[in-house]
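Undergrad: Attaching a predicted model along with its sequence, questions to come.
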Amino acid sequence: MRRLKYIVSILFIVLSVSAFGQETKMVKNRKKQLEKQEKNKEKETEKSIDEGKKRHMNIQTKAVKKRMKKQKKKSTKLNRQRAGKKKSFFARIFGGKG
């Protein structure tokens, strides 16, 4: 009788572990699907943002585009200085501002 209980308990443990292993596979697959969906969603948002930027630039006149380009250069230069990065090679040699 004791052996029978022992065998049944071991059998019960083995079956529960195998069932639990299958459940984790399903969970892993679901996580992979969710990650894939999240990546696709991020790609779509990036794409829509890029399309919006292109549309915005196409709407502008030539003078405005030129002004925007100039302002972008100034801002990147200023941000570079604020970040403490080195000045350009020629600026260091000839003592320029930029």
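TA: That came in fine, so what should we check first? Numbers count the residues shown, from 1 in each chain.
Undergrad: can you pull out the helices in this protein?
TA: Residue ranges of the helices in the chain, as given by DSSP state H, are 2-59, 62-82, 89-94.
Undergrad: Quick one: distance of the last one to the chain centre.
TA: Pointing back at helix 89-94 there. Remark: helix 89-94 is offset 37 Å from the chain centroid, using C-alpha atoms, centre = their mean, to the nearest Å.
Undergrad: who are the neighbours of that helix, in terms of helices and strands?
TA: Helices and strands touching helix 89-94, by 3 or more C-beta pairs under 8 Å, 6 or more residues apart in numbering; DSSP states H and E: there are none. Quick note: C-beta positions are derived from backbone N, CA and C, even for glycine.
Undergrad: That one - what's its average pLDDT?
TA: Helix 89-94 comes out with an average pLDDT of 78.
Undergrad: Likewise for the longest one?
TA: Taken as a whole, helix 2-59 carries a mean pLDDT of 86.
Undergrad: Helix 62-82 and that one, what's the angle between them?
TA: Here the directions of helix 2-59 and helix 62-82 differ by 130 degrees (axes from the mean of the first three to the mean of the last three C-alpha atoms, to 10 degrees).
Undergrad: what about helix 2-59, distance to the chain center?
TA: Per C-alpha atoms, centre = their mean, the displacement of helix 2-59 from the mean C-alpha position of its chain is 18 Å.
Undergrad: re earlier: now the helices of the chain as a markdown table including mean neighbour count?
TA: Conversion of those to a markdown table gives the following (neighbours: other C-beta atoms under 10 Å):
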| stretch | mean neighbour count |
| --- | --- |
| helix 2-59 | 10 |
| helix 62-82 | 11 |
| helix 89-94 | 10 |
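Undergrad: For residue 35, give its distance to residue 70.
TA: Distance, residue 35 to residue 70, by C-beta to C-beta, to the nearest Å: 42 Å.
Undergrad: Likewise for residue 32?
TA: 47 Å.
Undergrad: got it, and residue 5?
TA: From residue 5 over to residue 70 the distance is 86 Å, taken as C-beta to C-beta.
Undergrad: And residue 94, by the same measure?
TA: From residue 94 to residue 70 the distance is 22 Å (C-beta to C-beta).
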